[in-house]
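Engineer: My questions concern the predicted model and sequence given below.
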Amino acid sequence: MQKAPAERITYESVSDLLVSTLPELSAAYREMLAWWGDERPGPHVVYGDILNSYIAKKLDAGDDEALKRIFALVEKLSSSSDPKVADIVSATICHYLSAYESTFRRLQQFMGNSTRARCEVARTAFK
């Protein structure tokens, strides 16, 4: 049996993917879009402001199920063939997580191989 082709994630669609995958973030995304008005915030802004704070909130709450869903999305981004999409993981998500050693250690269990590798590089660069 053949595997289905991987979903094509583009830099232009990655912000919408966040809220379609994690619908509980829709209100925060709509608020951000309203604040930006006629402009559209870039994916690094969206993921940095919305997803990173959501990761911290769910980690503090001990919500492992939400963290599994979050990092399944992050792994998809990290494995993307579009280097601009994968860079969101390295530069925005992993950079944020690597600033806090204890947080990083706690979240490693939820990371896929690609995400973990990108975060290890970010941790080295951050030090």
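Structural biologist: Happy to help now that I have it. Numbering: from 1, shown residues only.

Engineer: what's near enough to touch the spatially most central residue of the chain?
Structural biologist: Nearest to the mean C-alpha position of the chain, by CA atoms, centre = their mean, lies V74 at 4.4 Å. V74 sits next to V89, I93, M111, G112, T115 when contact means CB atoms under 8 Å, 6 or more residues apart in numbering. The way it works is simple: take the backbone N, C-alpha and C, and place the C-beta from them, glycine included.

Engineer: doesn't S78 make contact with the fourth one?
Structural biologist: Yes. Here G112 lies in contact with S78, judged by CB atoms under 8 Å, at a distance of 6.9 Å.

Engineer: more crowded one of these two?
Structural biologist: S78 (25 against 15; other CB atoms under 10 Å).

Engineer: In the protein, where is pLDDT below threshold?
Structural biologist: For the chain, residues meeting the criterion pLDDT under 70 lie at 1-7, 126-127.

Engineer: can you give me the helices for this protein?
Structural biologist: Per DSSP state H, the chain carries helices over the ranges 14-21, 26-36, 43-46, 52-61, 64-78, 83-87, 95-98, 101-107, 113-126.

Engineer: Out of those helices, which one sits most buried?
Structural biologist: Most buried of the helices of the chain, by mean neighbour count (mean count of other CB atoms under 10 Å): helix 95-98, with a mean of 21.

Engineer: Now find how far off-centre that one is within its chain.
Structural biologist: 11 Å (CA atoms, centre = their mean, to the nearest Å).

Engineer: hmm, back to that, now for the contacts of V74: which two are most distant?
Structural biologist: Across those, the longest distance by CB to CB is 12.5 Å; it joins I93 and G112.

Engineer: Name the nearest of the contacts of V74 relative to L33.
Structural biologist: Nearest to L33, judged by CB to CB, of these is I93 at 20.5 Å.

Engineer: what about the closest one, distance to A34?
Structural biologist: Distance of I93 to A34, given as CB to CB, to the nearest Å: 24 Å.
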